[in-house]
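Q: Here is the input, now give the coordinates:
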Amino acid sequence: LREGMTLVIAGRPNAGKSSLLNALAGTEAAIVTDIAGTTRDLLREHIQIDGMPLHVIDTAGLRESTDPVEAEGIRRAWQAIEQADLVLLLVDDQLGRGAEEQAILDRLPQGLEVLEVHNKIDLSGHAPGEAEGCIYLSARTGAGLDVLRRTLKQRMGYEGASGVFSARRRHLAALEQAAGHLEQAALHLAHRDGELLAEELRQAQQALEEITGRFTADDLLGEIFSSFCIGK
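A: Residues are numbered from 1 along each chain as shown. Below is the predicted model:
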């Protein structure tokens, strides 16, 4: 299992989410342009902060869209947000937090932890660091990234007395859920009930995605059926 807290970077289009993912990962994991809506699917990177694992997900910019491809990316973004341990709400500091960000905050699941980060301070002129509960940084220049990394490490629970990592409980719950669906799938396989088998496998896949990241239904079906000889 890839252990680590799941961090979802969310915000309006062109706030610099992909640039921040690249800065945290230390590599060009995501395509970065000045065109709003470049990211249309989830981008996942597993990084470490002082040896501590972190699962980072870059998402499509959250807005209303009539483009079916972008709309699907936005739907997946909200799905990832709902499963996150922490949401990093990225704000373009040139614009400040506006109605778009408030609409995102209003839609977040109750109790979900949120960290507000203001990006592009190299353009706005704001000093890097933490102020009024927000972190100010530049993903492009790296100013303020040390503050973000330190804050993420604290949020991950590795600097507390207990050292408890909450994401493990989420992983265990997801594993138990997946195991239950796979047990049901085995029963349906024995009775050659294809439709119910496929549904149980789909739900098991969704549970496992909370831990391992995305993989295709073909991958899962191939693994399950590789050991069986099934007639027509």
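Q: so what's residue 178 closest to, chain neighbours aside?
A: residue 207 (3.9 Å; C-beta to C-beta, 6 or more residues apart in numbering). C-beta here means a position set from N, CA and C on the backbone, and glycine is covered the same way.
Q: quick one: contacts for the one you found?
A: Residues near residue 207 by C-beta atoms under 8 Å, 6 or more residues apart in numbering: 174-175, 177-178, 181.
Q: helices or strands up against the helix or strand where residue 179 lies?
A: Applying DSSP states H and E as the criterion places residue 179 in helix 166-190. Judged by 3 or more C-beta pairs under 8 Å, 6 or more residues apart in numbering; DSSP states H and E, helix 166-190 is in contact with strand 5-10, helix 194-212.
Q: Can you tell me which of those is packed in deepest?
A: Mean neighbour count (mean count of other C-beta atoms under 10 Å) peaks for strand 5-10 among those, with a mean of 24.
Q: what angle sits between the helix or strand following that one and strand 5-10?
A: Sequence-wise, the next helix or strand downstream of strand 5-10 (DSSP H and E) is helix 17-25. Angle of helix 17-25 versus strand 5-10, following axes from the mean of the first three to the mean of the last three C-alpha atoms, to 10 degrees, is 150 degrees.
Q: The contacts of residue 207, buried ones only, as a ChimeraX selection?
A: In ChimeraX, a selection of the buried entries from the contacts of residue 207 looks like this (16 or more other C-beta atoms under 10 Å):
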select :174,177,178,181
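Q: Dump the contacts of residue 207 into a markdown table; add distance to residue 112 as well.
A: Shown next, in a markdown table, are those (distance: C-beta to C-beta, whole Å):
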| residue | distance to residue 112 |
| --- | --- |
| 174 | 17 |
| 175 | 22 |
| 177 | 19 |
| 178 | 22 |
| 181 | 25 |
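Q: Turn the contacts of residue 207 into a markdown table, including distance to residue 7 and pLDDT.
A: A markdown table is the format used below for the contacts of residue 207 (distance: C-beta to C-beta, whole Å; pLDDT from 0 to 100):
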| residue | distance to residue 7 | pLDDT |
| --- | --- | --- |
| 174 | 17 | 82 |
| 175 | 21 | 84 |
| 177 | 22 | 89 |
| 178 | 22 | 90 |
| 181 | 26 | 92 |
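Q: Roughly how far does residue 25 sit from residue 67?
A: From residue 25 over to residue 67 the distance is 27 Å, taken as C-beta to C-beta, to the nearest Å.
Q: ok, the two, which is more surrounded?
A: Using other C-beta atoms under 10 Å, the more surrounded residue of residue 25 and residue 67 is residue 25, with 17 against 11.
Q: for the nearest residue to that one once chain neighbours are set aside, what are its contacts?
A: Nearest in space to residue 25, with sequence neighbours left out and distances taken as C-beta to C-beta, 6+ apart, is residue 45 at 4.5 Å. Shown in contact with residue 45 (C-beta under 8 Å, 6+ apart): 21, 24-25, 29, 55-56, 58.
Q: Listing request: residues of the chain with sub-threshold pLDDT.
A: 1-3, 27-41, 63, 65-66, 157-171, 211-232 (pLDDT under 70).
Q: Weed out the non-buried ones from the contacts of residue 45.
A: Among the contacts of residue 45, the ones that count as buried by 16+ other C-beta under 10 Å are 21, 24-25, 29, 55-56, 58.
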